[in-house]
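In: Got a predicted model here, sequence first, then my questions.
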Amino acid sequence: MPAESLDIHPKQPDEKRARSLQLLGIFSGFTAGAWLGAAEAPTKLVSIGISPLVISLIMVAGVFLARWSLPALVLGTSSVRADVRRAPHLVAWALLAGCLWAVANTLTIFAIRDVGLSIAFPLWNSNSLIGIIWGFLLFNELRQAGWQRWAGVLGGTAVLCVGGAMLAIASAAQSSSGHALTGIWAALGAGVLWGTMYIPYRKAYLTGMNPLSFITFFTFGELGMMGVLALVYSGAAPLWRELQAARSVIFWLMLGGFVWVIGDLFQQYAAKYVGISRGIPLSNTNQLWGMLWGILVFGELHGKARTTYLQVIGGSLLMILGVAAIAASSATGKEQARWKEAALRESERYRVPLDYVEARFEGRQAASEIHPRRTLVDWLLVLLATSILVWFATMARVPDLSIHWEPAVALTIVSLLLMILCARKLWRTTRFH
């Protein structure tokens, strides 16, 4: 039943609060880019001979730990159970999203192998455009937004892609493996899958599920699919040998998984409050942050020609301009009314209580909800995740990489500051709902 034909006519959200949630979503998207970019640092371990597939698998294991322990620490698993009771259909969507992520991530490995990062990264960042298409077709995003906001979102995304292409060309040399066409298709396939992965995200948040709840089930699909792919591609015995050989760096890779989860959590809030058509491009600034880690911390452009540095500066400025254009194109009241129509449609389709959908749409707790609290189980989950990390930390050694520690500390401080400020804003505005 279309939203317009519903007998219940919900009140329109307060304009001031709607604007506050829009700004919160933009801030979350930018913070997500910083943390997702920092999570790329462990991939440098490829240069010391560790298989990309093993790196991905171990990082996903760290992601699995974080996706259960962080929700338990922030709100408690009682909040997760309450969300599942109200919208159990979203568990299947979360598992599907996790599977899509794992397949897409594996495709990027083949893309980098066959055509190099310089070509692969801009191709899979086509997920921004895919997200805009799905957001428009399925969730009423950019409907009645006006040509200026259309121009801001599409133009800003295009500028981001061009800037990202310049950064990628500057940061990596093209591979000549002889499988260029396969690599191009793999990169494009990853972009399509990652863009499509946001359909479950948006369905979940229009219906009202808390991002902290969604990610706990997302990770089962993610880890399960990644484990299957690793076993199929490598075989059980070779994979076990590679994991044994990498045990001295497992801690760093799992820590990278934790960092990635923090970035992804902010990305989820961006998708919730500004939609996937704006949230994906904003979080795709992770390429800019990844470049900063590569240049400043790992000295990737040391000794390169002046033209390379000009490409880096030009690409960085373009990405900043793209972010500014998208951030300035926040949804109007008319567009947000169309978002709410999509939310009501989801409520009617899956018989989710309307007061719950309305409250979560506005970033608050419904009056019928019980305030979440932490239990002994939550603290045990946090303790278990911490113990596993500490155990692997006892085996860890500092990788044999050339690292400039001063910029590494500076970037870490900036990322932590962004996280603290954004988390504080999320708590004060929405209590993480």
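Out: Structure's in. What do you need?

In: By neighbour count, which bits of stretch 366-374 are buried? Give me those.
Out: By 16 or more other CB atoms under 10 Å, the buried positions in stretch 366-374 come out as Ala366, Glu369, Pro372, Arg374. All C-beta atoms are positioned from the backbone trio N, CA, C, and that covers glycine.

In: contacting residues around it?
Out: 72-73, 75-76, 78-79, 82, 353, 355-356, 358-360, 365 (CB atoms under 8 Å, 6 or more residues apart in numbering).

In: Turn those into JSON lines, including neighbour count and pLDDT.
Out: Formatted as JSON lines, the contacts of stretch 366-374 follow (neighbours: other CB atoms under 10 Å; pLDDT from 0 to 100):
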{"residue": "Ala72", "neighbour count": "25", "pLDDT": "82"}
{"residue": "Leu73", "neighbour count": "15", "pLDDT": "84"}
{"residue": "Leu75", "neighbour count": "22", "pLDDT": "81"}
{"residue": "Gly76", "neighbour count": "21", "pLDDT": "82"}
{"residue": "Ser78", "neighbour count": "17", "pLDDT": "84"}
{"residue": "Ser79", "neighbour count": "25", "pLDDT": "82"}
{"residue": "Ala82", "neighbour count": "18", "pLDDT": "83"}
{"residue": "Pro353", "neighbour count": "15", "pLDDT": "82"}
{"residue": "Asp355", "neighbour count": "16", "pLDDT": "81"}
{"residue": "Tyr356", "neighbour count": "22", "pLDDT": "82"}
{"residue": "Glu358", "neighbour count": "20", "pLDDT": "80"}
{"residue": "Ala359", "neighbour count": "18", "pLDDT": "78"}
{"residue": "Arg360", "neighbour count": "27", "pLDDT": "80"}
{"residue": "Gln365", "neighbour count": "18", "pLDDT": "77"}
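
In: Return the closest of those residues with respect to Leu282.
Out: Arg360 (21.2 Å; CB to CB).

In: Contact partners for the closest one?
Out: Residues in contact with Arg360 (CB under 8 Å, 6+ apart) are Tyr205, Thr207, Gly208, Met209, Asn210, Ala366, His433.

In: and which of those residues is nearest Leu389?
Out: So of the contacts of Arg360, ranked by how close each gets to Leu389 (CB to CB), first place is Asn210, at 24.8 Å.

In: Identify the residue spatially nearest to the closest one, adjacent ones excluded.
Out: Asp83 (5.6 Å; CB to CB, 6 or more residues apart in numbering).

In: So what's the predicted local confidence for that neighbour?
Out: Looking at Asp83, its pLDDT is 84.

In: surely it meets Met209?
Out: Yes: counting by CB atoms under 8 Å, Met209 is a contact partner of Asp83 at 5.0 Å.

In: what do the two both touch?
Out: Contacts common to Asp83 and Met209, judged by CB under 8 Å, 6+ apart, are Leu90.

In: Pick out the most distant pair among the contacts of Arg360.
Out: Tyr205 and Ala366 (14.7 Å).

In: thinking again about what came up before, just give the number of residues close to the residue nearest to Asn210.
Out: 26 (other CB atoms under 10 Å).

In: For it, give me its contacts.
Out: Leu90, Gly208, Met209, Asn210, Ser213.

In: filter these to the buried ones?
Out: Counted by 16+ other CB under 10 Å, these give Leu90, Gly208, Met209, Asn210, Ser213 as buried.

In: Those in helices, which ones?
Out: Per DSSP state H, helices hold the following members of the buried ones among the contacts of Asp83: Leu90, Ser213.

In: Can you point out the helix or strand that includes the most centrally placed residue in the chain?
Out: Nearest to the mean C-alpha position of the chain, counting by CA atoms, centre = their mean, stands Asp264 at 3.4 Å. In the assignment (DSSP states H and E), Asp264 maps to helix 250-274.

In: Now Val103. Nearest residue, chain neighbours left out?
Out: Using CB to CB, 6+ apart, the closest residue to Val103 is Leu193 (5.8 Å).

In: With that, I have no additional questions.
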